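[1] Any chance you can model this:
(one chain, ligands or ions: 1)
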Amino acid sequence: MKTEPRGEDASRLRQKKFSLVRVLKLPEDALPGSLALCHRRCGRPTCHCAKEKGHPIWMLTYMLDGKKRVERIPDEWVEEVQRRVDAGRQFRDAVTEVFNANAQLLVLLRRQTM
Ligand SMILES: [Zn+2]
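    Numbers count the residues shown, from 1 in each chain. This is a model prediction of the structure:
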């Protein structure tokens, strides 16, 4: 049984996949979700925010066990948390691309063996 599809598409897909796999290293401090700047009113009627859109705060939103979680991130953590969120997204994107390439290679192999 042949286990590798042939042809130009297959070699392009394999090249893409191997270059991704080579650089793919699990970022051990990666974070899920996304970081966003929100505005919250503090609720004190005399605060200036009562007439404006609220105090700016950073929130990390992510899914855990199928539930949406939101965590407030202190200003001085924002740069580091953003870096960890970006690392997580890049890793996930690369894994998805490898899986997609493998699925396309499987389809090419099926066509050859029909
Ligand atoms: Zn306020």
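[2] Just the element for the residue lying farthest from the centre of the chain, please.
    Each residue of the chain has a distance to the centre, and by Cα atoms, centre = their mean the biggest one is for residue 46: 40.8 Å. Assigned by DSSP states H and E, residue 46 belongs to no helix or strand.
[3] Next, it: phi, psi?
    For residue 46, the backbone dihedrals (degrees, to the nearest 10) come out as phi -90, psi -10.
[4] do residue 38 as well
    Backbone torsions of residue 38, given as degrees, to the nearest 10, read phi -120, psi 170.
[5] i'd like the first residue to be 42 from this point on
    I'll keep to 42 as the first residue from here, and by that count the last item is residue 79.
[6] For it, give me its contacts.
    95, 97-100 (Cβ atoms under 8 Å, 6 or more residues apart in numbering). Glycine gets a C-beta too; all of them are placed from N, C-alpha and C.
[7] Between these, which sits nearest the ion?
    Proximity of those to the ion (Cβ to the ion) peaks at residue 95, which lies at 6.9 Å.
[8] Let me see the mean pLDDT of stretch 148-155.
    In this model, stretch 148-155 carries a mean pLDDT of 87.
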